[in-house]
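quick one, what's the 3D model for this:
(chains A and B)
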Number of protein chains: 2
Amino acid sequence: VKVPSAASTVGVVGAGQLARMMQPAAIELGLTLTLLAESADAPAAQVIPDHLVGDYRDLDVLRGWAGRADVVTFDHEHVPPEHLAALAAADVVCRPGPAALVYAQDKERMRDRLSAAGFPCPHYVVTSEPAVVSAFAEQVGGYPVVVKAPRGGYDGKGVWYVADEDEAGAAITRTGGRALLVEQVVPFIRELAALVARSPSGQVAVYPVVETIQRDGVCDEVIAPAPGLPADRAVAAQRLAMEIAGELDATGILAVELFELPDGRLLVNELAMRPHNTGHWTIDGAVTSQFENHLRAVLDLPLGSPAPRARWSVMVNVLGGAIPTLTDGYPHVFAREPRLRVHLYGKTVRPGRKVGHVTAYGDDLGDLRSRARHAARWFSDGCDDGGEGSR
Amino acid sequence: VKVPSAASTVGVVGAGQLARMMQPAAIELGLTLTLLAESADAPAAQVIPDHLVGDYRDLDVLRGWAGRADVVTFDHEHVPPEHLAALAAADVVCRPGPAALVYAQDKERMRDRLSAAGFPCPHYVVTSEPAVVSAFAEQVGGYPVVVKAPRGGYDGKGVWYVADEDEAGAAITRTGGRALLVEQVVPFIRELAALVARSPSGQVAVYPVVETIQRDGVCDEVIAPAPGLPADRAVAAQRLAMEIAGELDATGILAVELFELPDGRLLVNELAMRPHNTGHWTIDGAVTSQFENHLRAVLDLPLGSPAPRARWSVMVNVLGGAIPTLTDGYPHVFAREPRLRVHLYGKTVRPGRKVGHVTAYGDDLGDLRSRARHAARWFSDGCDDGGEGSR
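Model (predicted):
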């Protein structure tokens, strides 16, 4: 088995915006990336010269490509666990490793493991029987409940609210009769996220806890740090993320999405073991970005400071809208907002697709939020109607 | 003639570290670069997928490559003026344009133009006669004087101190008997640099004035802002740079190197019309880096804020030393300095060659300087002897 060092080539499976945003960090540090890309015009393939276009679901392709890399990491969690096992058997170093990554791939295993280890989670049951869903609903105060496909979901895909046993049955039928993860609807006051970077040596760097604002199940806005979060609760969230990273032996970035309850308790919602949308603010708002710390961790180098550089950072996603060429927004947005940071991913615009983000940082949170929202809307639609209808 | 916009492809002649450092800015903004590279393993060619390996001195190569780009800019100022004129004749948009760039290519024309326009410059004469050098020396208080090759010099190359008429004659002979630029030795107290970005529309963004510390004619350390510089003198330096940019119709970054005299006057030393070593601190220390603002200016987009993000930023160049693999320094430097920003250029190490830089920012200038110097020495030599002998 290879021992990765700073001189190693880091292979990234997947060529989306997360892999793309690793490249500026790699360029600055003089690190080398190689990419297994879904297509030649994928966001990361546009900017990482060494890439192979191929399908990660094809084990021969995956294993052949992995020979270019000294260590393999991931833009997404869709690589089949059996393929990861085959890579490990071929002495390919994967970071995070298959044994850790499965908890970001399989929500059922994640819930079982975290609950067994005593981490606070929503009540849940796994079943393919509508009657069991109803019995669970009764226990947690009645319908509606949340049902989730244990594997393959992201950004709200594979997650449904069901209002009664018929809808539960329909969801089970829709997913081919497989067992679904059924969870209580948590009466949260808001959603938070705690982000840590963890190296194979066990060093951990933890970012400030953020508030995330979702729209239609998609992360829309992130505020760092979470406004008004009591210090002890922020520390509790950070500790939770660090402990989960250790429990699961995560390597690289681990994002822990949390529900904040009215009584101050925190419940674990979702995990991701890769750079995460709730950490994009760190590119401009933290001493070391999540992308740089992911690469440092994957290479087992000492981690960079996760300290914030400004009192507030606000990130707003740019979603595809009416304007096909996002850069058409530059004359207006740049002239209006000389301090705003803009990140576009080189994606073809489709309605609602995440195609970029903007970050504003400074002292006046209300002002930053309105500036970031205005810019994000302008890129989408060439106007800012102040509302959400045009999305 | 094309009218560049944000959707344009920006061609960069030259694949050194300056072109390389444009790529993170281009990736973030979703801009597209194409490169005319001196070799396939040049710093920028490693990280910019669309590049042609070819010689910019070959007009056919240059003109053929330029067809890939909507607008052409530069990593260096070595493209022959007659080639630039040929590009302009072929309707290739060059930014900066040939008529501006010549003042960064030809020190004699720069001195003549700036002096005629009333900008403060050292006393100088242009001659190929040793006796004329001596007559000039007498006027400015005696030998030594500085002689410079009008074209082709950089980083102290093509610049000599001569102590008498024999040495003056030897310098003239060494450069083939051509006329040399002869300047007084300016009794400066320190060197400063003023950096502006200027767009074709005439918008200007001016960075804080920095102090530059040279060693052996090479920029070694930059402190932003220049410590103890009186506000009126800082404004005078910024105004000088803005006025020169306007006078010469510069596009993109213009760096004006200045001498600060004991009586507070400022004299223009050198000009560069491209991102400049004295502006590398802006990547980590300013709201908008010089590389991003160079690209914005080249595309005639509104410029980003040049405001500093920290009270002090200190940049120290990493020069080639005893260690062939620079990344070997990461375990030590990263563990010791979690807040330090490191930039390595992917260059083969040769003694004294600029192969990277580090930036420290914060409130305690002395501490930042010692941390940055320690790290830079460590990358060079795997130790910090506190002295300069090992360089």
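
close to chain B: what parts of the stretch 201-350 of chain A are there?
Proximity of the stretch 201-350 of chain A to chain B, by CB under 8 Å from any CB of the partner chain, involves residues A:205, A:283, A:287-288, A:296, A:301-305, A:307, A:309, A:325-328, A:330-331, A:334-335, A:338-339, A:341-346. To be clear about C-beta, it is placed using only N, CA and C from the backbone, and glycine gets the same treatment.

tell me which of those fall in strands.
Under the assignment DSSP state E, those contribute A:205, A:341-344 to strands.

can you put the residues you listed in a markdown table and add pLDDT, neighbour count and distance to A:V145?
Formatted as a markdown table, those follow (pLDDT from 0 to 100; neighbours: other CB atoms under 10 Å in any protein chain shown; distance: CB to CB, whole Å):
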| residue | pLDDT | neighbour count | distance to A:V145 |
| --- | --- | --- | --- |
| A:A205 | 98 | 25 | 36 |
| A:R341 | 98 | 25 | 40 |
| A:V342 | 98 | 25 | 40 |
| A:H343 | 98 | 23 | 37 |
| A:L344 | 98 | 24 | 38 |
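
out of those residues, who's nearest chain B?
Within those, the smallest distance to chain B is 3.2 Å, found for A:L344 (CB to the nearest CB).

quick one: contacts for the residue lying closest to that closest one once chain neighbours are set aside?
Once flanking residues are discounted, A:L344 sits nearest to B:G30: 3.2 Å by CB to CB, 6 or more residues apart in numbering or on different chains. Residues in contact with B:G30, defined by CB atoms under 8 Å, 6 or more residues apart in numbering or on different chains, are A:326-327, A:343-346, A:356.

cool, and A:A193?
Going by CB under 8 Å, 6+ apart, A:A193 touches A:209-210, A:212, A:222, A:255-258, A:276, A:278-279.

quick one: it from A:N317, how far?
The spacing between A:A193 and A:N317, counted by CB to CB, to the nearest Å, is 14 Å.

just the helices in the stretch 101-250 of chain A please.
Secondary structure of the stretch 101-250 of chain A, counting by DSSP state H, counting those that start in this stretch: helices at A:107-116, A:130-139, A:165-174, A:231-248.

tell me the secondary structure at the nearest residue in space to A:Y330 that is not next to it in sequence.
Closest residue to A:Y330 apart from its sequence neighbours, by CB to CB, 6+ apart: B:A6 at 4.5 Å. Put simply, B:A6 is coil when judged by DSSP: H, G, I helix; E, B strand; the rest coil.

and what of A:L258?
A:L258 - assigned by three-state DSSP - is strand.

touching stretch A:201-211 from outside, list them.
Under CB under 8 Å, 6+ apart, the answer for stretch A:201-211 is A:190-198, A:222-227, A:229, A:234, A:237-238, A:241-242, A:245-246, A:278-279, A:281-282, A:286, A:288, A:290, A:293, A:297, A:300, A:302-306, A:308, B:338.

which residue does the stretch 151-300 of chain A bring closest to chain B?
Counting by CB to the nearest CB, the stretch 151-300 of chain A gets nearest chain B through A:V287, at 5.3 Å.

surely that residue touches A:R309?
Yes. Between A:V287 and A:R309 there is a contact at 6.1 Å, judged by CB atoms under 8 Å.

more crowded one of the two?
A:V287 (21 against 16; other CB atoms under 10 Å in any protein chain shown).

thank you kindly, that will do.
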